[in-house]
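*Asks:* all I have is the shape, not the residue letters:
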């Protein structure tokens, strides 16, 4: 999971219209957290980011609320290694 101080910076850049139930793909999640797609996939495979929902045969996605929650973590919530 990303460092709290790193993802806190992204909270101000999220669009106000972002619906918590909207499904984001891996590229959108990686961009929202400031990571490359490859790094975000490593985090997913090691269980360091919340599990996605399955939206098709092999297609996975994350509710936008997951991204919002990850980017609004309090700075003193503890350190998590990325």
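*Replies:* Looks like it arrived, so ask away. Predicted, not measured: the structure shown is a model, and the values here were computed from it.
*Asks:* for this structure, give me the ranges with low pLDDT.
*Replies:* Where the chain drops to pLDDT under 70, the residues are 1-18, 73-82.
*Asks:* strands of that one, residue ranges please.
*Replies:* 23-24, 53-54, 60-63 (DSSP state E).
*Asks:* which parts of the chain are helices?
*Replies:* Counting by DSSP state H, the segments of the chain that form helices are 4-8, 26-33, 37-45, 64-71.
*Asks:* could those helices go into a markdown table alongside mean neighbour count and distance to residue 58?
*Replies:* Bear in mind the C-beta positions are built from the backbone N, C-alpha and C, glycine included. Compiled in a markdown table, the helices of the chain are given as follows (neighbours: other C-beta atoms under 10 Å; distance: least, C-beta to C-beta, whole Å):
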| stretch | mean neighbour count | distance to residue 58 |
| --- | --- | --- |
| helix 4-8 | 16 | 28 |
| helix 26-33 | 18 | 12 |
| helix 37-45 | 15 | 14 |
| helix 64-71 | 19 | 20 |
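*Asks:* nearest to residue 20, out of those?
*Replies:* Between residue 20 and the helices of the chain, the shortest gap by C-beta to C-beta is with helix 64-71, which sits at 3.4 Å.
*Asks:* which elements pack onto that closest one?
*Replies:* With contacts taken as 3 or more C-beta pairs under 8 Å, 6 or more residues apart in numbering; DSSP states H and E, helix 64-71 sits against helix 4-8, strand 23-24, helix 26-33.
*Asks:* please consider this matter closed, and thank you.
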